[in-house]
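S.K.: Got a predicted structure plus its sequence, pasted below:
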Amino acid sequence: MERIELTNGQWADLRVAETITNKARRPVQDILVNEEPTPGRGTRAAEALLPWLIAAWSLDLPLPSEQPDALDQVLAHDYDRLLKAASERFARLFEQFGVNPDPNPPGGSSNGSASAPEEMPPSSTPAGSPSSTAPTSSAASSAGP
């Protein structure tokens, strides 16, 4: 578990990415695979992960896994911290299953097309993996093992 600090001395304990089940990962995967690459797709994917990710918290609210709309009552600043933590786990969620997040692997795509989706979540490329097509962010470099 990883504990992140929230405002006013509150905290949230987050599950380790490598312990996710396929059932818990599926909503995130569905968003990333089935939705058109539009602004906000990465945020929707992170939001889909939060109910599984938050194992415990000190807030006087039910856990999101028990009542997903509890997240609507979280302070915006804390919600942003939770979303960032979820986004930072994307690379580890998919890397362990051998999913290649690079939409243009060396040699082009399997159908011969050279076009790539316009948006991938910033942390969808495993740390240390070269990718000339995916955007970079500090989240990708800090994802860690």
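M.R.: Now that the structure is in, tell me what you want to look at. Because the structure is a prediction, the values reported are computed rather than measured. Numbering: from 1, shown residues only.

S.K.: and Leu59, helix, strand or coil?
M.R.: Following DSSP: H, G, I helix; E, B strand; the rest coil, Leu59 is assigned to coil.

S.K.: Which residue is the nearest non-sequential neighbour of it?
M.R.: Once flanking residues are discounted, Leu59 sits nearest to Gln10: 5.7 Å by Cβ to Cβ, 6 or more residues apart in numbering. All C-beta spots, glycine's among them, are computed from the backbone N, C-alpha and C.

S.K.: Need the phi and psi values for that neighbour.
M.R.: Here is the backbone geometry of Gln10 (degrees, to the nearest 10): phi -80, psi 170.

S.K.: That one is in contact with Leu61, isn't it?
M.R.: No - assessed by Cβ atoms under 8 Å, Gln10 is found out of contact with Leu61, at 10.2 Å.

S.K.: so where do the helices sit in the chain?
M.R.: Per DSSP state H, the chain carries helices over the ranges 22-34, 41-53, 76-88, 90-95, 138-141.

S.K.: thought Arg41 was touching Asn34?
M.R.: No - at 10.1 Å, Arg41 does not count as touching Asn34 under the criterion of Cβ under 8 Å.

S.K.: More neighbours: these two, which one.
M.R.: Neighbours were counted for Arg41 and for Asn34 using other Cβ atoms under 10 Å; Arg41 has more, 18 against 7.

S.K.: mind checking the backbone torsions on the nearest residue to the more buried one once chain neighbours are set aside?
M.R.: With Cβ to Cβ, 6+ apart as the criterion, Arg41 has its nearest non-adjacent residue at 5.3 Å, and that residue is Glu35. For Glu35, the backbone dihedrals (degrees, to the nearest 10) come out as phi -90, psi 150.
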